[in-house]
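J.: structure of the sequence below:
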Amino acid sequence: GGMLRLLLLSVILSTSVAIPLGGSSIEPDEGCLARFHAFRKEHSKRYASPKEEAHRLATFCSNLKEIDAINSRAGSTWKAGVNAHSDMTSGEFMSAFTMPKVPQECSATGPPISSLLDISAPLPTEKDWRNVTCGETSCVSGVKNQGKCGSCWTFSTVGAMESVHAINTGMMELFSEQQLVDCAGDFKNNGCNGGLPSQAFEYIHYAGGLVEMEDYPYVCGDGHCTTNGSFCMAKGLTPAVKVKTVVNFTEGDEKTMMKVIGLQNPVSVAFDVVSDLRHYARGVYQSTVCNSTDDSVNHAVLAVGYGEADEGGTPYWTIKNSWSEAWGNRGYFKILRGKNMCGIATCASFPILEVVNKRTKRHT
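T.: Just a heads-up that it's a prediction; the model follows:
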């Protein structure tokens, strides 16, 4: 095996190209080449041309340097690592996986949460809805993949709907993100160009419900979808779940958010993704360069729990992302709790559901 590896490495090295970076050309070092080769194999990467491959190799090597720099920060509460997207530049990643920043109306409207819920029970010191069973499965559905479409807001919304419905009924059912991409435009949402969970819950309320995923599957992951998704095909489909009330948290109110997550259900949140989050591997993420205002949120996700990390008792939220299981910690990350880090409590909301009589499924 060792001989073969040496042979492979010498083949890679002999066929390597000098990569022009900012006018000068640098030879990627052996360590980076070997890791790039392993990365390509692990993630089955195919590139269209030698030029593209050279660009991806240079990007990968540059990202490795960033990862090493993050991991050598003194006192950092999180670690970076290589993932499926480590051959993308920061710009490519941000345009593929986040939403454009537009001023959002996030602040609480409607009745106060205390009038809707009994959140006076004692609060658990930690919570993780992934470890709670609803029927035969977890109360949190599996990590999904939004692909190259700024539809994170639909995954955050649907994730909340799936969990709340499972907690209410004892049965996990999967609902349709594509319906929101295609149909929720009248509620200030823009398909693959962004939206907000609170606005999506409003759409579901007024439209009469959300259909099951299998009735209206997600098709935008390959990047072909327009700003507003495509033609809305929800008419004639039977809704599987309906929203009675949309609950919006007061901006920055992490205490109430903790009560709801601790005692009732996961919560949809939005925040400001900055470049280094794409390298996240484990630990409690925090940043000195992200913002927490409502005009800076560019990504929506699902808060499924909270706790304190062993190292130094750092308080965190446990967050389900929609960048596939090949990113982060099996698709999840932890972010600092208690300081509205990156605006994680700026646009938080969740739905109260109406009870829908379970229709008899016709299996065709």
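J.: let's see the longest helix seen in the chain as PDB, backbone CA atoms only.
T.: For the chain, the helix with the greatest residue count under DSSP state H is helix 50-71. The C-alpha trace of helix 50-71 is given here as PDB (Å, rounded to 0.1, in the frame of the first residue of the first chain):
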ATOM      1  CA  PRO A  50      -7.700  21.000 -16.000                       C
ATOM      2  CA  LYS A  51      -8.200  24.700 -15.600                       C
ATOM      3  CA  GLU A  52     -11.200  24.200 -13.300                       C
ATOM      4  CA  GLU A  53      -9.200  21.600 -11.400                       C
ATOM      5  CA  ALA A  54      -6.300  23.900 -10.900                       C
ATOM      6  CA  HIS A  55      -8.700  26.700  -9.600                       C
ATOM      7  CA  ARG A  56     -10.300  24.200  -7.200                       C
ATOM      8  CA  LEU A  57      -6.900  23.000  -6.000                       C
ATOM      9  CA  ALA A  58      -5.700  26.600  -5.400                       C
ATOM     10  CA  THR A  59      -9.000  27.400  -3.600                       C
ATOM     11  CA  PHE A  60      -8.700  24.200  -1.400                       C
ATOM     12  CA  CYS A  61      -5.100  25.100  -0.400                       C
ATOM     13  CA  SER A  62      -6.100  28.600   0.500                       C
ATOM     14  CA  ASN A  63      -9.000  27.300   2.500                       C
ATOM     15  CA  LEU A  64      -6.700  24.900   4.400                       C
ATOM     16  CA  LYS A  65      -4.600  27.900   5.400                       C
ATOM     17  CA  GLU A  66      -7.800  29.600   6.700                       C
ATOM     18  CA  ILE A  67      -8.700  26.400   8.600                       C
ATOM     19  CA  ASP A  68      -5.300  26.200  10.200                       C
ATOM     20  CA  ALA A  69      -5.400  29.900  11.200                       C
ATOM     21  CA  ILE A  70      -8.800  29.400  12.900                       C
ATOM     22  CA  ASN A  71      -7.600  26.300  14.700                       C
END
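J.: so what touches it?
T.: By C-beta atoms under 8 Å, 6 or more residues apart in numbering, the surrounding residues in contact with helix 50-71 are 17, 19, 21, 28-29, 32-33, 35-36, 39, 45, 47, 76, 78-82, 86-89, 276, 279. For the C-beta atoms, the positions are set from N, CA and C on the backbone; glycine is no exception.
J.: quick one: the helices in this protein, in order.
T.: Secondary structure of the chain (DSSP H): helices at 2-14, 30-42, 50-71, 90-97, 113-116, 152-169, 177-183, 197-207, 254-263.
J.: which residue is the nearest non-sequential neighbour of Cys134?
T.: Leaving aside its chain neighbours, Cys134 sits nearest to Ala166 (3.7 Å; criterion: C-beta to C-beta, 6 or more residues apart in numbering).
J.: got the contact list for the spatially most central residue of the chain?
T.: With distances taken as C-alpha atoms, centre = their mean, Asn321 lies nearest the centre of the chain, 2.4 Å away. Residues counted as contacts of Asn321 (C-beta under 8 Å, 6+ apart) are Val143, Val301, Trp327, Gly328, Gly331, Tyr332, Phe333.
J.: can you check Gly223 too?
T.: Applying C-beta under 8 Å, 6+ apart, we find Gly223 in contact with Ala96, Gly147, Lys148, Cys149.
J.: likewise for Pro266?
T.: Residues in contact with Pro266, defined by C-beta under 8 Å, 6+ apart, are 129, 139-140, 159-160, 163-164, 302-305, 320, 350.
J.: export those residues to CSV and tack on distance to Gln264, pLDDT and neighbour count?
T.: Shown next, in CSV, are the contacts of Pro266 (distance: C-beta to C-beta, whole Å; pLDDT from 0 to 100; neighbours: other C-beta atoms under 10 Å):
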residue, distance to Gln264, pLDDT, neighbour count
Trp129, 10, 98, 22
Cys139, 11, 98, 23
Val140, 14, 98, 25
Gly159, 15, 98, 27
Ala160, 11, 98, 28
Ser163, 10, 98, 27
Val164, 8, 97, 21
Leu302, 14, 98, 28
Ala303, 12, 98, 30
Val304, 12, 98, 26
Gly305, 12, 98, 23
Lys320, 17, 98, 26
Phe350, 8, 95, 31
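J.: quick check, nearest of the residues you listed to Ser296?
T.: Of all the contacts of Pro266, Ser296 sits closest to Ala303, with 18.1 Å by C-beta to C-beta.
J.: ok, that closest one - contacts?
T.: Taking C-beta under 8 Å, 6+ apart, one finds Met257, Ile261, Pro266, Val267, Ser268, Val269, Trp317, Thr318, Ile319, Lys320, Ile344, Ala348 in contact with Ala303.
J.: just put these in a markdown table and tack on distance to Asp222.
T.: Listed next are these as a markdown table, based on distance: C-beta to C-beta, whole Å:
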| residue | distance to Asp222 |
| --- | --- |
| Met257 | 34 |
| Ile261 | 34 |
| Pro266 | 28 |
| Val267 | 30 |
| Ser268 | 25 |
| Val269 | 27 |
| Trp317 | 31 |
| Thr318 | 30 |
| Ile319 | 25 |
| Lys320 | 23 |
| Ile344 | 30 |
| Ala348 | 31 |
